[in-house]
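Visitor: Quick check, what structure comes out for this input:
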Amino acid sequence: EKFNYYFNTNLGDPDKQIIVNKLTLPFPKGKKYVVTQGYRDTLSHNALYNMYALDFNLQVNDTITSADYGIVVGLVKDYKYGGASKVWKENDRSNYITIYHPHSGLYTQYGHLVFNGSLVKIGDRIERGQAIGLSGNTGFSTGPHLHFNVLVPKKGLGLVSIPAVFEGDIHGEDLKIGTTVSR
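Guide: Predicted structure coming up:
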């Protein structure tokens, strides 16, 4: 007789009090980038997991930095390709880094990294503003960019996207397509 077994786990403690602190923009000081997709965009920021994500027009191999100090808890680095077709949207194979920030309870995620573009590994302790990866164009993507998302654990839902607040009183909801931001 054949049996199917499933194992499911979620990151985070949904009972932990979340402190939404100000983050740094996810790229090096002195750099500026344009927002190419904002909150609740119909192209791909339309689910609980990514509705408050921001896309910045980083090019392939541009440096990505951590928005806050924390610990690397998620990492995919082995995908080489990407595209904008329905096949990619339904089966996204994007390289990404997920960092847990224990002081706030937040998770930050950095997506579409280049093949082997991670500069960190699972378990690494990360400093605020530290270089963590290289931008790319893997997974469901219309072109090179950084997909940045702030997440919190919710009972029965796993990680869900929340609005970001950055240093300099920059609020994610104010970052519309075409907005230039600098760090």
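
Visitor: Please compute how far the strand of greatest length in the chain lies from its chain's middle.
Guide: Longest strand in the chain by number of residues, with DSSP state E as the criterion: strand 106-118. Strand 106-118 has its average C-alpha position 6 Å from the chain's average C-alpha position, going by CA atoms, centre = their mean, to the nearest Å.

Visitor: Can you show me the helices along the chain?
Guide: For the chain, the helices defined by DSSP state H cover 86-90.

Visitor: Pull the residues that contact the helix or strand bottoming out on mean pLDDT in it.
Guide: Using mean pLDDT, DSSP states H and E, the weakest-scoring helix or strand in the chain turns out to be helix 86-90, at a mean of 75. Contacts to helix 86-90, defined as CB atoms under 8 Å, 6 or more residues apart in numbering, come from residues 44, 82, 139-141. Every C-beta, even on glycine, is put in place using the N, C-alpha and C of the backbone.

Visitor: what's the most distant pair in these?
Guide: Ser44 and Gly82 (12.2 Å; CB to CB).

Visitor: So in that sheet, which strands flank the longest strand of the chain, and in what orientation?
Guide: Using DSSP bridges, strand 106-118 pairs in its sheet with strand 95-101 (antiparallel), strand 131-135 (antiparallel), strand 146-154 (antiparallel).

Visitor: For the last one, list the C-alpha coordinates in CSV.
Guide: The C-alpha atoms that make up strand 146-154 are tabulated as CSV, following Å, rounded to 0.1, in the frame of the first residue of the first chain:
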residue,chain,number,x,y,z
LEU,A,146,15.7,43.4,-6.1
HIS,A,147,12.5,42.2,-4.6
PHE,A,148,12.4,43.4,-1.0
ASN,A,149,9.8,42.2,1.5
VAL,A,150,9.2,42.6,5.3
LEU,A,151,7.3,39.7,6.9
VAL,A,152,5.8,38.7,10.2
PRO,A,153,4.4,35.3,11.4
LYS,A,154,0.6,35.0,11.7
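
Visitor: how much distance is there from that strand to the middle of the chain?
Guide: 6 Å.

Visitor: Could you give me the buried positions within that strand?
Guide: 146-153 (16 or more other CB atoms under 10 Å).

Visitor: The shortest one too?
Guide: Residues of strand 131-135 classed as buried under the neighbour-count rule (16+ other CB under 10 Å) are 132-135.

Visitor: Please work out the average pLDDT along that strand.
Guide: Here strand 131-135 scores 98 as its mean pLDDT.

Visitor: which residues are contacting it?
Guide: Contacts for strand 131-135 (CB under 8 Å, 6+ apart): 28, 58-66, 72, 97, 99, 110, 112-114, 117-120, 126, 144-146.
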